[in-house]
Structure formats: C-alpha cells, structure tokens
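Show me the folded form of this:
(one chain, ligands or ions: 2)
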Amino acid sequence: MQVYVEKTKCTGCSHCHDVCPVAVFEMKNRKGNDVNTDPAPAESQWNGTSDPNVVSKWSNINDGHRHFADDNDGKTGGISVAVNGEACIMCQSCLLECEGECIVITDNDNNVYRSIYGK
Ligand code: SF4
Ligand code: SF4
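Ligands and ions are numbered 1, 2, ... in the order given. So this is what the prediction gives:
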C-alpha cells in the first residue's frame, strides 16, 4: 500500500492522524525540513502555497481546530505527512475524515483511492 498527502490542500486539521489505527500519518511543521518525506509526486508536495480553493473553504471555519497554521502544537496545525504508508490496512477512516480531500492511497493492485469529505 502506498499513501501520500496532497500537501497544498492539507488544512492541518489532524483528522487523519487521529483516526488512523496504524499510525500512517504524522503532523509536521510546514516550515520544517521533513515536510516532503512521503511519496507524493512533486506537484503535490509542500511548496509554501496552499490551494486557494481549500483556503477559501476552510480558513474561516471555527470548528475547534486550527487551519493552515505553520506549526503543529500536538493537536492541530502544521501539515500531514504519510510517513508509514506501508502499514495501511485500508480501513478507509482517513478517506472519510479528510477535510482537504487530499489523501491518496494506492493498493497493491494499483487501484487508487482518494478522500472525500461529507458535505
Ligand atoms: S485507510 Fe490506511 S491510512 Fe487511512 S486511516 Fe485506514 S489504515 Fe490509516
Ligand atoms: S485529514 Fe486531510 S486535511 Fe486534515 S490533516 Fe489529514 S491530510 Fe490534512
């Protein structure tokens, strides 16, 4: 199983980190040296700029966690990195909980699964 985050769309909500039963995700600081260490293609790695459509949707939502904060305070903020994708058991929890709709999972038969968020 391969897992990556399209980081330009990640709000830093930490839902993926909180729901994954096998610790695939770690929250990293956006300005850290280890933010682009999952197998995302170059266009999906963090380059300092968030997707404007995701920013306009989430930046003013007050739902108890921070969006687009540079740092991770242990609860929210920062950016998610799929550091342990090979451990994924395809429970689909993160795919349903990802605000930014930015998690991509490829199984061993090359089927690709993308996150959707209940509107
Ligand atoms: S689908 Fe995989 S990465 Fe996502 S929460 Fe489940 S085990 Fe973790
Ligand atoms: S659930 Fe999605 S938007 Fe939230 S931190 Fe994880 S990858 Fe980013």
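
what about the residue lying closest to Asp71 once chain neighbours are set aside, how many neighbours?
Once flanking residues are discounted, Asp71 sits nearest to Asn29: 5.0 Å by Cβ to Cβ, 6 or more residues apart in numbering. C-beta coordinates here come from the backbone N, C-alpha and C atoms, glycine included. Neighbour count of Asn29, defined by other Cβ atoms under 10 Å: 17.

How about the contacts made by Asn29?
Taking Cβ atoms under 8 Å, 6 or more residues apart in numbering, we find Asn29 in contact with Val35, Asp70, Asp71, Asn72, Gly78, Ile79.

Buried ones among those?
Buried members of the contacts of Asn29, counted by 16 or more other Cβ atoms under 10 Å: Val35, Asp71, Asn72, Gly78, Ile79.

returning to that earlier point: how near is the residue nearest to Asp71 to Ala69?
9 Å (Cβ to Cβ, to the nearest Å).

Quick one: end-to-end distance for stretch 45-58.
20 Å (Cα to Cα, to the nearest Å).

Contacts for it, please.
Counting by Cβ under 8 Å, 6+ apart, residues outside stretch 45-58 touching it are 7-11, 30, 35-36, 67-68, 79, 99-100, 102.

Tell me the one of the residues you listed nearest Tyr117?
Using Cβ to Cβ, Glu99 comes nearest to Tyr117 of the contacts of stretch 45-58, at 5.8 Å.
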